[in-house]
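[1] Generate a structure from the sequence data that follows.
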Amino acid sequence: MSRNRRHHKGPKVRSQPPRKPRIALIGFRGVGKSAIARRLAEHWSMPLIALDETIERHAGMRIEEIVKTHGWQHFRDLEFRELSAAATQEKVLLDCGGGIVEEADGQPSERKLKILAENFFCIYISVSEEKLLHRLRNLSRNASRPDLPAADTPENLIKVFHRREPLYLRVAHTVVDVSDTNVAESAFRITQMFK
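    Numbering: from 1, shown residues only. I've put the predicted structure just below:
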């Protein structure tokens, strides 16, 4: 399977999932990770952890409240804690937030990248930049989806995407481009990889 439409330097796609079936969906906001994850969890009868929702449940507040009250680094620390806990499960499908690869200052999160690479079969859910921009412009505001530190405009989000994509690719075992598909077809493509 092609890693991406554009050429990227980095490690080759790893062909085999880890022995223990822990799968993580990674990628930017608006690409459909959560909807795809729900389909896959149902298809595989696999426990699903939506990382952002788990953080909110354990913290007793929404992400935007966590950030407003305690700051972005506290949220990234909570994210690391929940990711570490998920990595101990024997079987899990993990739906990661778009910022899983970073720390609060926008720098690569080596601690989280290490856990992802070593404990999960990481699937980068990718879309073309044109499609991503279209989705971001039409993305309805979600109360549980916090604003980024910079102004949360589609154009600024694309800059964040450019910063994060090399990190997604760095830990991805494979890339699934869903630019031309709906949720059902995207999930089907992924299930075929594991036959």
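
[2] can you confirm residue 176 is in a strand?
    Yes - judged by DSSP: H, G, I helix; E, B strand; the rest coil, residue 176 forms part of a strand.

[3] Count the residues that sit near it.
    22 (other C-beta atoms under 10 Å). All C-beta atoms are positioned from the backbone trio N, CA, C, and that covers glycine.

[4] Which residues are in contact with it?
    Taking C-beta atoms under 8 Å, 6 or more residues apart in numbering, we find residue 176 in contact with 1, 123-126, 186, 189-190, 193.

[5] so who does residue 75 touch?
    Per C-beta under 8 Å, 6+ apart, neighbours of residue 75: 55, 63, 66-67, 104, 146.

[6] List just the nearest of those residues to residue 95.
    Checking those against residue 95 by C-beta to C-beta gives residue 55 as the nearest, at 11.9 Å.

[7] For the contacts of residue 75, give me a markdown table that also has pLDDT.
    Output for those, formatted as a markdown table (pLDDT from 0 to 100):
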| residue | pLDDT |
| --- | --- |
| 55 | 97 |
| 63 | 93 |
| 66 | 95 |
| 67 | 94 |
| 104 | 94 |
| 146 | 51 |
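
[8] Could you find which two of these are furthest from each other?
    The span of these, defined through C-beta to C-beta, is set by 55 and 104 at 14.1 Å.

[9] what comes up buried for the helix or strand bottoming out on mean pLDDT in the chain?
    Every helix and strand of the chain was ranked by mean pLDDT, DSSP states H and E. The lowest is helix 129-138, at a mean of 83. Buried residues in helix 129-138, defined by neighbour count with 16 or more other C-beta atoms under 10 Å: 131-133, 135-136.
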